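Colleague: Have a look at this prediction, sequence included:
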Amino acid sequence: MKVPLAFPLRLHRPKQPHQTMGGRSRLGMPRLRQCFSVHKAGNALHECEDAYAWWAGERGWVVAIADGATESSFARQWAQILVETYVRRPTQDLSSDWLYPLQQHWAQWLDAQQLRWYARRKAQEGTFATLLGLVLLRDRQWRAIAVGDSCLFVVRQQRVMACFPITNGQLLGFRPPLLSSQGQQPPLIVPARSLCGVGRLGDRFYLVTDALAAWIFSQLELGNNPWQQLNQIRNSRQFCQWVDGERSLQRLPNDDTTLICLELRS
């Protein structure tokens, strides 16, 4: 499904960066440092219900992650539709104008599937997922929107400047609000939260699904520095090994686990 962009994000840098009076650029170029995802132990790779997408251009980056609800049918596919749509059409309110076309598209896709009657009945009950989206621009402004418990951590010099939408690890584990694939008329109000700010060069933006968010909060509560550990992970193999180790020590829940990290660079 093709969705028009809210603003053009071209895939090249401008030839002439903006300059201050002192000749130094005030802009920052977001850089992707990490993008890793590991499925739940005991499941196959194709059963991973986390999804992510990004779009990079001369104005900055748009990134999204989603976590499909395990108890619903086709959760991975619904999560993927949400993230791919967000990076193509970032929104500030997740209004029905943004969501309802996706729900219509989903209903059409579901009708086209060859499902047994019991699978179709289950699918018609709806599919659900969290969504966390981040727009990070070269002028260092950023805005985030979220439904559910996928989390954003804004870190400056190893210190947490913002955590969103969850601010306390004790709030994880309850049933979070989710985006449903079922459209209704009149449309329901989407329980989205938003946050915006202005970053500094060197700031890092960690987008994580709930399993890794729980680990981060637990490390912070113990007085540890989770960013030192995460920053040492260089590739997918190291991430898989790290996740396996933390799961074996029962410090990380056995669930699909996704990490994306952006850094503002000069």
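Modeller: Looks like it came in fine.
Colleague: Quick check, residue 79 in contact with residue 51.
Modeller: Yes. Between residue 79 and residue 51 there is a contact at 3.8 Å, judged by C-beta atoms under 8 Å. For every residue, glycine as well, the C-beta is placed using N, CA and C.
Colleague: Overlap in contacts, those two.
Modeller: The overlap between the contact sets of residue 79 and residue 51 (C-beta atoms under 8 Å, 6 or more residues apart in numbering) consists of 66, 67, 68, 129.
Colleague: List the beta-bridge partners for the last one.
Modeller: By that I understand residue 129. residue 68, residue 179 (DSSP bridges).
Colleague: how close does it get to residue 247?
Modeller: 23 Å (C-beta to C-beta, to the nearest Å).
Colleague: returning to what we had before: from the shared contacts of residue 79 and residue 51, pick the one nearest residue 225.
Modeller: Nearest to residue 225 among the shared contacts of residue 79 and residue 51: residue 67, at 25.2 Å, using C-beta to C-beta.
Colleague: Can you verify my assumption that that closest one contacts residue 50?
Modeller: Yes. Here residue 67 reaches residue 50: they are 5.4 Å apart, a contact under C-beta under 8 Å.
Colleague: list residues touching both of those two?
Modeller: 79, 209, 256, 258.
Colleague: Quick check: closest non-adjacent residue to residue 212.
Modeller: residue 257 (5.2 Å; C-beta to C-beta, 6 or more residues apart in numbering).
Colleague: That neighbour pairs with what?
Modeller: Once the bridges are assigned, which here means DSSP bridges, residue 257 pairs with residue 38.
Colleague: Flag every buried residue along stretch 98-115.
Modeller: Neighbour-count burial for stretch 98-115 flags 98, 99, 102, 103, 105, 106, 110, 115 (criterion: 16 or more other C-beta atoms under 10 Å).
Colleague: Now go through the residues you listed and say which are in helices.
Modeller: If you go by DSSP state H, the buried residues of stretch 98-115 have 98, 99, 102, 103, 105, 106, 110 in helices.
Colleague: who touches the nearest residue to the second one once chain neighbours are set aside in this structure?
Modeller: Spatial nearest neighbour of residue 99, chain neighbours left out: residue 190 (6.2 Å); criterion: C-beta to C-beta, 6+ apart. Taking C-beta under 8 Å, 6+ apart as the contact definition, residue 190 lies against 93, 94, 95, 96, 99, 147, 179.
Colleague: And the helices in the stretch 1-150 of the chain?
Modeller: Using DSSP state H, counting those that start in this stretch, the helices found in the stretch 1-150 of the chain span residues 75-88, 96-112, 117-124.
Colleague: Quick one, which of the ones you listed gets closest to residue 174.
Modeller: That would be helix 75-88 among those, by C-beta to C-beta, at 18.6 Å.
Colleague: and that closest one with helix 96-112, angle?
Modeller: 140 degrees (axes from the mean of the first three to the mean of the last three C-alpha atoms, to 10 degrees).
Colleague: got the end-to-end distance for stretch 128-141?
Modeller: Stretch 128-141 has its terminal residues 30 Å apart, counting by C-alpha to C-alpha, to the nearest Å.
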